[in-house]
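>>> Sequence first, predicted model second:
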Amino acid sequence: MRLGQLRRDWNDLAKEDPFWAALTESGKRGNRWSVSEFFSTGVAEVDRDMARIRELVPAMSRGAALDFGCGPGRLTVALARHFARATGVDISKTMVDLARAHCAEPQVDFVCSTRPNLKVFPDGSFDFVYSRITLQHIAPKFTKLYLREFVRVLSPGGVLSVQVPVAVHVGDPPDRLKFSIWPPTMVMRIKRHLRYHHPGWYGLAPKIHMYALPASEVLECLEAAGATLLQCEQTGHDDALNVTYVARKRGGP
Ligand SMILES: C[S@@+](CC[C@H](N)C(=O)[O-])C[C@H]1O[C@@H](n2cnc3c(N)ncnc32)[C@H](O)[C@@H]1O
């Protein structure tokens with residue numbers, strides 16, 4: 001799936017039911033997450049992950065952390081308890097606006113980036129890059145670009161912890177209708193109208209796609225970008241077999 005389509009889907013999902021789109025727990029669909037409950041899941045998750053990462057890299061710098069695919073900021077806000085600054089980046093401006101609305105703390109900021117890169121951040125901007133339940137929704141060719149970018153934006157010695165499925169249980173059905181005889185701009189206008197006003201029509205409602213990437217390809221990207229794998233753990237999940245990779249950028253103290 002192209003990034004433009006991905007951005008539109010996540011903007012639509014964020015308008016309808018943002019907390020459920022970010023954390024699809026059964027019983028929470030239809031705006032049933034309470035704000036405090038939703039954000040407390042982030043604190044529990046990040047506290048648990050940080051405790052394990054601290055064991056692996058006791059001397060990790062605690063300056064700046066990046067949360068890739070931050071959504072409404074569930075994990076970004078929690079990261080700010082472990083780092084001096086935390087930045088959330090997301091492809092969806094609606095998600096970023098929501099995150100800003102829910103977090104006014106000065107050490108937390110949110111950035112919208114719609115490109116297949118993280119050029120909004122200079123080299124070496126962060127000590128830590130974190131990403132959960134995000135790369136699973138991005139086509140592998142883009143995930144590989146983002147993995148390289150994660151290493152670029154890390155400072156030497158910086159650490160990344162990212163989750164990428166090695167297998168998913170659902171496929172990626174084609175979601176685009178082909179109107180080859182109509183001019184593309186006309187097709188785009190009609191599709192946009194249908195998406196917003198009749199989202200159930202013609203399969204144009206936003207979809208959450210799932211993608212997997214073999215561990216060998218993730219490791220190849222990280223290695224080539226200048227990071228060394230510290231740990232790679234398999235974790236089960238309802239709709240995916242996940243792997244969490246912890247790696248460290250070479251060249252640090
Ligand atoms: C399932 S939500 C997870 C949100 C957050 N990580 C959490 O656990 O609460 C996935 C998020 O990734 C974002 N996303 C998807 N593709 C992205 C991309 N290419 N760049 C940045 N964010 C992206 C979506 O907009 C959405 O907010």
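Received, thanks.

>>> make it CA atoms for all contacts and neighbour counts henceforth
Will do.

>>> Tell me the secondary structure at the residue of the stretch 51-200 of the chain at minimum distance from the ligand.
In the stretch 51-200 of the chain, no residue comes nearer to the ligand than Gly71, which is 3.2 Å away by C-alpha to the nearest ligand atom. State at Gly71, reduced to three classes by DSSP: H, G, I helix; E, B strand; the rest coil: coil.

>>> That one and Leu3, how far apart?
Counting by C-alpha to C-alpha, to the nearest Å, the gap from Gly71 to Leu3 is 16 Å.

>>> swap in Phe68?
For Phe68, the distance to Leu3 - C-alpha to C-alpha - is 15 Å.

>>> which one of those two has more residues nearby?
Phe68 (25 against 15; other C-alpha atoms under 10 Å).

>>> Tell me the residues of the stretch 51-200 of the chain that contact the ligand?
68-71, 74-75, 89-92, 95, 132-134, 138 (C-alpha under 6 Å from any ligand atom).

>>> circling back: do you know the pLDDT at the residue of the stretch 51-200 of the chain closest to the ligand?
We have a pLDDT of 98 for Gly71.

>>> Look at the residue nearest to it when sequence neighbours are not counted and say how many residues are nearby.
The spatial neighbour of Gly71 that comes closest, neighbours along the chain excluded (C-alpha to C-alpha, 6 or more residues apart in numbering), is Met95 at 5.0 Å. Using other C-alpha under 10 Å, Met95 has 28 other residues around it.

>>> Before we go further, Met95 is sitting in a helix, right?
Yes. Using three-state DSSP, the secondary structure at Met95 is a helix.

>>> Do a quick rundown of the strands in the stretch 1-150 of the chain.
Remark: strands assigned in the stretch 1-150 of the chain by DSSP state E, counting those that start in this stretch are 64-68, 85-90, 108-112, 126-131.

>>> average pLDDT for the second one?
In this model, strand 85-90 has an average pLDDT of 98.

>>> Could you tell me the angle between it and strand 108-112?
Here strand 85-90 runs at an angle of 20 degrees relative to strand 108-112 (axes from the mean of the first three to the mean of the last three C-alpha atoms, to 10 degrees).

>>> do the same with the last one
Comparing the axes of strand 126-131 and strand 108-112 via the same axes, to 10 degrees yields an angle of 60 degrees.

>>> by contact count, what packs against strand 126-131?
strand 64-68, strand 154-168 (3 or more C-alpha pairs under 8 Å, 6 or more residues apart in numbering; DSSP states H and E).

>>> just how off-centre is it within its chain?
12 Å (C-alpha atoms, centre = their mean, to the nearest Å).

>>> Same list as before, the helices and strands packed on strand 126-131 that is, but in CSV and with mean pLDDT and distance to Pro58 included.
Listed next are these as CSV, based on pLDDT from 0 to 100; distance: least, C-alpha to C-alpha, whole Å:
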stretch, mean pLDDT, distance to Pro58
strand 64-68, 98, 16
strand 154-168, 93, 11
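
>>> Which stretch among those is buried most, on average?
Stretch with highest mean neighbour count among the helices and strands packed on strand 126-131: strand 64-68 (a mean of 26; mean count of other C-alpha atoms under 10 Å).
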